[in-house]
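Novice: need a structure here:
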Amino acid sequence: MPESRQPLYSTMIDVAEEVEAARAKFPEPYALLAALIEEVGELSKALMDEPKARVRAEAKQVAAVAIRIMEEGDPSLDRIREERGSDGA
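Specialist: Residues are numbered from 1 along each chain as shown. All right, here's what the predicted structure looks like:
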């Protein structure tokens, strides 16, 4: 692995561990969009008012929820997606 990529890989491992912890705590993926919005709000506040370590922690949570949405979707929105034909025919 090139040294220039080492920080990225370390960050991705941190995010993967956060995803695993989130799945253990909240195994069902319901309301992930709401969770993502909440986490983005916390990240915004941290960016303006808190130390870099807190910013990193909040950014990690945003990334973890986004990955869960990418992998699991958000079943609480399935009916709306179906009504809109979001997944095509």
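
Novice: identify the residues contacting residue 74.
Specialist: Going by Cβ atoms under 8 Å, 6 or more residues apart in numbering, residue 74 touches 29-33. To be clear about C-beta, it is placed using only N, CA and C from the backbone, and glycine gets the same treatment.

Novice: narrow these to those in helices?
Specialist: Counting by DSSP state H, the members of the contacts of residue 74 that fall within helices are 32-33.

Novice: scan the contacts of residue 74 and report the most crowded one.
Specialist: Neighbour counts for these peak at residue 32, which has 22 neighbours (criterion: other Cβ atoms under 10 Å).

Novice: between the contacts of residue 74, which is nearest residue 12?
Specialist: Checking those against residue 12 by Cβ to Cβ gives residue 32 as the nearest, at 19.6 Å.

Novice: would you agree the closest one is in contact with residue 67?
Specialist: No - using Cβ atoms under 8 Å, residue 32 makes no contact with residue 67, being 10.1 Å away.

Novice: give me the below-cutoff pLDDT ranges for this protein.
Specialist: For the chain, the stretches flagged by pLDDT under 70 are 1, 88-89.

Novice: one step back: from the contacts of residue 74, which is closest to residue 73?
Specialist: Distances from residue 73 to the contacts of residue 74, taken by Cβ to Cβ, are shortest for residue 29, at 6.7 Å.
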